[in-house]
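> fold the following for me, if possible:
(chains A and B)
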Amino acid sequence: MIYDVIVVGGGLAGMRAAIAAHDAGYKVGLVSKIHPVRSHSGAAQGGINAALANHPDAGDDTPDRHAYDTVKGSDFLADQDAVELMTATAPEIIIEMEHWGCPFSRYPNGKIAQRPFGGAGYPRTCYGADRTGLYLLHTCYEQVVKRNIEVLYERFVIRLAYRDKRVAGVVFLNMHSGEFETLAANAVIFATGGSGRVYSLNTTNAHASTGLGVAIPYWAGVPLKDMEFIQFHPTGLEGSSILMTEGCRGEGGYLLNNRGERFMKNYVSEKIMELAPRDITARSIRTEINEGRGFEDRYVHLDLRHLGEKKINERLPGIREICMKFKNIDPVFQPIPIYPAMHYTMGGIDCDGVGETEMEGLFAAGECACVSVHGANRLGGNSLLETIVFGKIVGDHVARKIKDKSRTADNEALATALTAEKDRFQRLLASEGKENPYDIKNELSKLMFDDFGIFRNEADMKKGVGEILALKERFGKIRKISDTGKFNFDYLWVTEIAGNLDTALAIATGALNRMESRGAHYRLDAPKRMDDRWMKHTLHRYHETNPEISYKPVRFTKFQPEERKY
Amino acid sequence: MPTFKVFRFNPDKDEKPYFDTFELPDIKGMTVLEGLYYILENLDSTLAFRSSCRQGVCGSCAMHINDRYNLACESQVATLGNVITVRPLSHMKIIRDMVVDLTPFFAQYEAIKPYLVPKEVPGPREFLQSEKDRARIDHHVDCILCACCYGSCPVVATDEKYLGPHALLKALRFIEDSRDGETYERLAFVASDEGIFRCHTIFNCQKVCPKDLDPTGAIGKLKMKSIWAKLTGKLGKNG
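Model (predicted):
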C-alpha cells in the first residue's frame, strides 16, 4: 500500500496541507508524534496578520503594505516574491478559517477584530482574545475530523526512506505498540515545527518543539537554510520562559526598567516605543539588564496595570491565568517580570515558495521550513499566517505534482531505512558509556544561550562550536537507553537530543561564518548590516563535525534595501 | 524535599500496578511536570507520561495529582505538601504508567459532529457576528481536550457509551454559535439515549476543569434547550 501524501506533523501547517491534498482527491496520512490538538501551534497567543482593513485606523491597509513591513522586518533577507504571495493570500485564508468556525474576537460591526503588533505600519493582527493559536488549531482539527482524514498519532517519525535523492516514505516508532514501522508515500510533507528545545532551558517552546523534523532531512542530505537566525521573544515569563504575548504591548502594555522608565524611548522613536520588532526590543531589554537597569540582573517589567481589569479579562485572559498559575502574581495589580527567551527559528529546511526541497518528493511547510518569508527576523503574527498559507500552498502544489498515481512502493528503500533504524536502536540499547544524555541536553542549552544568544561575538562563538563538538563526542558515550516497549520515552528523548546536537551545530557554524549583523543575528564585533557581502541566504549541508556552508541569493521584487529604522 | 509517589504499571509485564517513590531536590517554582521530568532524566528513564507545551494549553499532561485531576504542568509542587501522589486518568485503559488510551475520549468528541455547519453560504468576506453573539461562546471555545472532566465523571465510569462532558460542552459550543445552522439536529443528538440525560449533575467536571470551564452548566443548558425544543415541536414527536 502506498499513500499519495504523508504529512509529518499535526500542527497548523501539517493539518492545512493534509486538508489541501485530501480535498484534491488524494489518499493522505497525517503522522504525528503527538495528537494534533497537542501541537505547539495551539500555544500561539496574540494573533495572525492579514490586511483585512477592519480596524478603524487601517481602512487603507493593503497586502502590499503588509509585504513591505514583513520585508523590512526581515532586515531585507526574506525572498520578496514569497512574502508577496503570503500577504496576498492572507485575507482569503483567514476568511476561510472564519468560515470553518474559528472564534475570532469581533468589532461592534461584527467583523473580525484586529490589534496593533510590532513592526507593523497598521493594526492588522486578527485575534481571538489571547488564544488565537488554540482557536485556529482546534478549528483546523475539526475540519480534519469532518473530512475523516486518517490521523496516525503518537507515531514518532525518525528517518526518511529514499533512493537516489527520491523520497520513498518514512520510518517511525509506533509509540502504542513499541514497534518500528514504515509508510510508503509518493510525496512526504514535513511540517514538524521549530527547534526551540535546542535552547531548552530558555525557550517559550513546547517540549515537542525539538527540531528533529529539521534534522531528519538534514541527515538525509537535504540542505538547511539561514539557521543562524534565532528569534528571542522579548517577553518570556521570568523563570519558566512561558510566552507573554506581544498582544500585551499591542493592547498598550509598557516595558519598564528598575527606575520605572519606559526605556524603549531610548532605542526607537516615541511613536513606536514598545511596538518595535522583536529583535530590536529583545536587544533593548537585554541592554537594560546588562547595564544594571534590570531587576536582580535578570529581568525587567511588563506592566499592564493601567489597562484595567476589564480590558485584561477581555483581551488578555490567558496571560492573567498564566501569571497567576505559574508566577503567583496578578497582572491587574502587579507588573510581570519578563526577559527575552528563545522563541522561533527563522531558518529551516531549504525550500522554495511551493515547499519543494532538494529531494524529489520531499516538501516542507511551516516553522520547520525556510521559504524564506521571515528572513533575519520574523514579525509577530506572521508565523501563524505562514503555517496556514504555506500549508495550503504546499498541499495544493503537491496535489498537482503527483498526478501519477500508478507509483508503487519502493519496498527496498523502505526496508533499508527500517533496518538502519532498528540497528541504531539496538546500538543505543547496548551502549556501554556512562554519560547521562539529559546532562548533554542541558549543557547544550546553556552554551547555546551564552554563545549564540542575543549578542554574539567571534570568540564566544568559536568556543561554542568547540563545545558542541565535545558534547557530540560525549553523546557517543551515553549510558544504554531503556527498553520499555510501549511509549519508550527514553528512546524518543535521546533521539531528539541527537537531532538537537546537529541542529545546534548548523546554527553555530552559520552564525560564526556570517560576519555582519542582520535582524536577530547581532554580532558585537560586526554590528553593521553589510549588504554588499551578506545579502544572501546561508545553506548548511550535513557533516558530522564540519557542516558545509554555502550561500544563495535573496529574491527581490520591488522593495529596495534601506536602513532599517523604527 | 518533595517525595513523589508515582503510579507504575506495564500491563505487558506487571501483574498489577504499584507505586514507586522518588525523593526529589528542592527546586524553586518546580511543577509536578518538571518533577516527572527530573525523575525521567535522573532517576528512572523508564517512566512514561505525556507532555508538550508545559503552559496549560496543549492538554497532554492531565493526571490525578493528590486529591484531584489536574494538569501536571500547572500544578505547583510547593502547594501540594511533602508527598505528591500521581496516578493516570481514570476510566481508560492504561497503556503504561501515566499513559492511558484516549481512543474512546476522541471517538465521543468526533461523534457530536465537532465542526461548524454554516447556516449561510460563505461569501468573500467573514460571517458577521456581533460581540454579544461572540460572547455566547466565550469559555466553551477554550476547551483544550485534556480529559480531566472525563476522568472525573462517575457516569463515564459506568457507561462507556456516554458522550461525556467534553463532547457535550463542544456540542453546546456549536449550538450557541450564531453562525451554525444545525441547532436542532445537534439538540436531537445530544438528547439521545447516551447523551445529556445520562448526566446526574454531580459537578465533578466543573470542579476539576483546569481551564475553569463549566461542562456541568453546559449539560444543564442543553437539557433545558432540548426540553424546550421538544415541547415546542422543534425536535418532532419522537425526537
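
> for the chain, what are the low-confidence residue spans?
All of this refers to chain A. Scanning chain A for pLDDT under 70 picks out A:404-406.

> looking at chain B here, not the other one
B:237-239.

> next up, the contacts around the residue nearest the centre of it.
Nearest to the mean C-alpha position of chain B, by C-alpha atoms, centre = their mean, lies B:A147 at 2.6 Å. For B:A147, the contact set (C-beta atoms under 8 Å, 6 or more residues apart in numbering or on different chains) comprises B:59, B:62, B:89, B:92, B:102, B:105, B:166. Any C-beta I mention is one placed from the backbone N, CA and C, and that applies to glycine too.

> how does it look with 7 Å?
Contacts for B:A147 (C-beta atoms under 7 Å, 6 or more residues apart in numbering or on different chains) come out as B:62, B:89, B:102, B:105, B:166.

> quick one, helices of chain B?
For chain B, the helices defined by DSSP state H occupy B:32-38, B:103-111, B:131-135, B:148-152, B:154-158, B:164-175, B:183-190, B:204-208, B:215-231.

> in CSV: those helices, plus mean neighbour count and distance to A:Y542.
Shown next, in CSV, are these (neighbours: other C-beta atoms under 10 Å in any protein chain shown; distance: least, C-beta to C-beta, whole Å):
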stretch, mean neighbour count, distance to A:Y542
helix B:32-38, 22, 29
helix B:103-111, 18, 38
helix B:131-135, 15, 49
helix B:148-152, 27, 43
helix B:154-158, 16, 49
helix B:164-175, 26, 44
helix B:183-190, 19, 52
helix B:204-208, 21, 47
helix B:215-231, 19, 49
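
> list the contacts for the residue nearest to B:V83 when sequence neighbours are not counted?
Leaving aside its sequence neighbours, B:V83 sits nearest to B:T3 (C-beta to C-beta, 6 or more residues apart in numbering or on different chains; 4.8 Å). Going by C-beta under 7 Å, 6+ apart, B:T3 touches B:21, B:23, B:82-84.

> list the beta-bridge partners for B:T3.
Beta-bridge partners for B:T3, by DSSP bridges, are B:E23, B:V83.

> same check on A:R479?
Beta-bridge pairing for A:R479 (DSSP bridges): A:E432.

> for it, the count of nearby residues, please.
A:R479 has 16 neighbours, counted by other C-beta atoms under 10 Å in any protein chain shown.

> I'd say it and A:E432 touch.
No: when contacts are counted by C-beta atoms under 7 Å, A:R479 is not listed as touching A:E432 (8.4 Å).

> related to what we said a few turns ago, which one of the helices of chain B lies closest to A:T357?
Of all the helices of chain B, it is helix B:103-111 that lies closest to A:T357, at 32.4 Å by C-beta to C-beta.

> what about the closest one and chain A, touching?
Yes: contact of helix B:103-111 with chain A (C-beta under 7 Å from any C-beta of the partner chain) involves B:E110.

> show me what that helix is packed against.
If you count contacts as 3 or more C-beta pairs under 7 Å, 6 or more residues apart in numbering or on different chains; DSSP states H and E, helix B:103-111 packs onto helix B:164-175.
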